[in-house]
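1. The sequence isn't on hand, but the structure is:
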């Protein structure tokens, strides 16, 4: 069976695009081959900085012959229909068609079309240029003489040559004849840019890969990664250090070299006074080098590992020296930044925030920090944090954004705040909160446990949420530019994982008030400016905005807070679903009046989930649903509700009486347990309802002929529903 | 190159490096231009690049361009950052197929041996919001140091490049520091001489860096600058309007003078920005205003003779 070899040789392809490009090439070519009836045994795609390569093996030499039957018009159909049929099928006359008998509908013509399969190489020659021309690079460009004309080829960087061969292992393969934008496919490629720049000829994948290796090109990216990782580890180990592994960097670096040569360099020990994270960020981001740890101290050593693309004639001395100079300059900058930062106290940076806009409608960073501080102070007692510490941490936690180091390396924000806070003698909790108030970032990030961190982290996130909610910048579909979903999930995790009782609605209601105040101030400030520019003396100011309220748990609550609560409920559902829990149970609990205590909601959901896994739970759910269904039908029929206590005197059957007794008992027990937040006991109490409900449905006819008895029984059913609502709204639970 | 006296050699003297690059690209066939006589932020602003990159005509040029980045001033205290520095700019239209090799040979000419050093092309997409321009290319690394930028212009001044030009920008101070083996820019040997005859980069520019840093960050006359921005913007639009031949938008006769005012506005904006008197929101609108000028100049240019009309 013949194989196909394809290589697209270009100028340097961005490292971050290589893996996907190889994958796209594999998929595009094989999809087309299969669509053309050319099924294959195996396929592999590769990328280096200068080439995309593909090998498809075990292809047929020809497409299979195709036989197709095409149904035509009835015998004796009008001429127009017949002509259409002949045209569509390519038959010369009806004599070439077969007649199919059909006693019911009448006989009709059938055309037998036989399509002889074409040689695979011809088909491939048609497929490949189309794929090259329409290749899905994230960004592509035009170049050279041909770019003057419309429709010029676009590629990620200039494309120089194409290898395309097709043939059997035992024979000299054929070149697949096609050209794209003047580049004719052939069987000639080149090796390493500097070490083996000459052209050479290849036949098929096996000799292609081997010849490339001889020409100092490791084709397979995985192999390059393996080489880099193994060599880097060994180099570090040989000197008594250990490599700080970094998969993202490894992926990138392997896309920057065709022939990895791993070398080690050093920098002055004095730079180790810079925080390790900053050293690493400097060396990694700017120089794409790895750092190493000293296992004795567990801290960074004054070494780095670089990956060159060449076996230099001096063994790499000049390359190491050059990289050391660049890294020295970079670390001097970093050290200068760090030392400069240490000269200014964090609080002395704060006035600058008055000039920095957080959001044009929400005011400056200074205004935001003031809000966070007030909120953190309010939250502190709820989470067991010292109020003064929480306020201090809230005031300082954003200050590192104005430091030189964070300006240079945004990814160490927070962390630097901690370092600078410790350096100026802040309390350990305050310093920790400077770093941890950003956490958790996403569903797997660590959740802080220090009460001060928790208070500030909650305040930071709730201010973000209430702020953007107030100016109607809510997430829609896939758009969530202010990461509000992440903020809400952060609040949920902070509360639930730290076992915190948190009055969400009242806290957010108060804060919405504060945020609206800010928005008003900002709006009026802008009016004053606009008026000044226009030469008007007294502009009309915005007055206070009206706050709308809705009823919540027997009191009036801010409507925005309740909207936000729905958003939290949605996030909680997603979170539970991701953890494999049933999200409908969240609905069942939220459907109860006045639920905003996330911890209790989660506890209730957990207990409910366990209960519904038992037979008692399942049957009680079935019984309750049956009661609800009957009620729904009868309520519709009678156009009334069946509220109110049933009359004991109207009970006829024993099962009726027993059920009423059971309901009373369960209601009392379950409510008492819920009051004690002992949801497991509440569920156990619920379980007692099950035999009475089962017996009732077994023996008692609800729609009794006596209207009074019927009404009384319906009221009893309503009581079942009411009783179960002590733990959840069972009607929201899916079967 | 072997025949060069020591003080003229690129690894010995800053000017020797410049002269070597000029000779190399002159030999290739470029016209060697002199710096544009206005303050610009980068060699790209020179009309020999911005405007000549547009239109169908062949254009190969090379030149040194003093570049001003007011914000990058460090009062002469930082060994790498300058508010005034030199770029060596090469523009080749259409981009020749061997442009990467041409670049590597130019490195060899200034003493960078590709068998000894690790030369790499690392992705760097270029975009100039003020010029309404973008292109794809790389930063060129030598042993981990960025020594040049390499861009295939796709669009300039809002106009599609047809054909595409290749642009090479050498950071001359960096490159010189590298080949001279010097860690501080002010220690660069400028004239290649030794002893009493030696002139360093610091001798030439240190005082200027200190003075301009004071000016850029503390004393520049912002009221004047705001006014200058408005005047340059107004003049640019006026010249563009007046340049259309017979009032019809078919041929333009004053694209270059108009573009000078665009450059002026851009530099004035950079000075204002360095003084920190432009807020984040205003910043965006200033950039947009310069871009509008640049686009209008590009539109005018393609209706001139050199622009291919």
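-> Sure thing, it's come through. As the structure is a computational prediction, the values presented were derived from the model and not from experiment.

2. Model confidence score at the residue nearest in space to the middle of chain B, please.
-> Nearest to the geometric centre of chain B sits residue B:43, at 1.3 Å (CA atoms, centre = their mean). What the model reports for residue B:43 is a pLDDT of 94.

3. got the end-to-end distance for stretch A:578-586?
-> 13 Å (CA to CA, to the nearest Å).

4. one step back: can you verify my assumption that the residue nearest to the centre of chain B contacts residue B:169?
-> Yes: using CB atoms under 8 Å, residue B:43 is in contact with residue B:169, at 5.7 Å. For glycine as for every other residue, the C-beta is placed from the backbone atoms N, C-alpha and C.

5. any common contacting residues for those two?
-> B:87, B:88, B:89 (CB atoms under 8 Å, 6 or more residues apart in numbering or on different chains).

6. quick one: low-confidence parts of chain A?
-> Along chain A, the model assigns pLDDT under 70 to residues A:537-539, A:541, A:543-546, A:735.

7. The longest helix belonging to it close to chain B?
-> Ranked by number of residues, the top helix in chain A under DSSP state H is helix A:504-534. No: Helix A:504-534 is not in contact with chain B by CB under 8 Å from any CB of the partner chain; minimum separation 10.8 Å.

8. List the buried residues for that helix?
-> Buried residues in helix A:504-534, defined by neighbour count with 16 or more other CB atoms under 10 Å in any protein chain shown: A:504-512, A:514-516, A:518-520, A:522.

9. Can you give the contact residues for the helix or strand just after that helix?
-> Of the helices and strands lying after helix A:504-534 in sequence (DSSP states H and E), the nearest is strand A:549-552. Outside strand A:549-552, the residues that touch it by CB under 8 Å, 6+ apart are A:505, A:556, A:557, A:558, A:559, A:562, A:594, A:596.

10. Ignoring the adjacent residues along the chain, who's closest to the fourth one?
-> Pointing back at residue A:558 there. Nearest residue to residue A:558, sequence neighbours excluded (CB to CB, 6 or more residues apart in numbering or on different chains): residue A:509, at 3.9 Å.

11. wait, doesn't residue B:44 sit right on residue B:168?
-> No: using CB under 8 Å, residue B:44 makes no contact with residue B:168, being 11.2 Å away.

12. returning to that earlier point: what two of the contacts of strand A:549-552 are the furthest from one another?
-> Spatial extent of those (CB to CB) is set by the pair A:559 and A:594 at 15.2 Å.

13. Neighbour count for the two, which is higher?
-> More crowded of residue A:559 and residue A:594, by other CB atoms under 10 Å in any protein chain shown: residue A:559, with 15 against 12.

14. I'd say that one and residue A:566 touch.
-> No: shown here, residue A:559 and residue A:566 do not form a contact pair, counting by CB under 8 Å, at 10.9 Å.

15. Can you show me the strands along chain B?
-> For chain B, applying DSSP state E gives strands covering B:31-32, B:59-68, B:84-93, B:119-123, B:126-128, B:133-142, B:145-156, B:159-160, B:166-171.

16. TSV for these, including mean neighbour count?
-> Formatted as TSV, the strands of chain B follow (neighbours: other CB atoms under 10 Å in any protein chain shown):
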stretch	mean neighbour count
strand B:31-32	12
strand B:59-68	21
strand B:84-93	23
strand B:119-123	22
strand B:126-128	18
strand B:133-142	23
strand B:145-156	23
strand B:159-160	17
strand B:166-171	24
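
17. In chain B, what residue comes closest to chain A?
-> Proximity of chain B to chain A (CB to the nearest CB) peaks at residue B:143, 2.6 Å away.

18. Which residue is the nearest non-sequential neighbour of that residue?
-> The spatial neighbour of residue B:143 that comes closest, neighbours along the chain excluded (CB to CB, 6+ apart), is residue A:322 at 2.6 Å.

19. how about that neighbour, what does it touch?
-> So residue A:322 contacts B:117, B:118, B:142, B:143, B:144, B:145, B:178 (CB under 8 Å, 6+ apart).

20. How about the residues of the stretch 51-200 of chain B by chain A?
-> So the stretch 51-200 of chain B meets chain A at B:56, B:78-80, B:94-97, B:100, B:114-123, B:125, B:135-138, B:142-145, B:152, B:154, B:161-164, B:166, B:178, B:183 (CB under 8 Å from any CB).

21. if we can go back for a sec, now render the strands of chain B as a markdown table, adding mean pLDDT.
-> Converted to a markdown table, the strands of chain B look like this (pLDDT from 0 to 100):
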| stretch | mean pLDDT |
| --- | --- |
| strand B:31-32 | 98 |
| strand B:59-68 | 98 |
| strand B:84-93 | 97 |
| strand B:119-123 | 96 |
| strand B:126-128 | 91 |
| strand B:133-142 | 96 |
| strand B:145-156 | 95 |
| strand B:159-160 | 94 |
| strand B:166-171 | 97 |
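
22. So for residue A:363, which of these sits nearest?
-> Of all the strands of chain B, strand B:126-128 sits nearest to residue A:363, with 30.9 Å by CB to CB.

23. Which residues does the closest one contact?
-> Applying CB under 8 Å, 6+ apart, the contact partners of strand B:126-128 are B:44, B:133, B:134, B:135, B:136, B:137, B:149, B:151.
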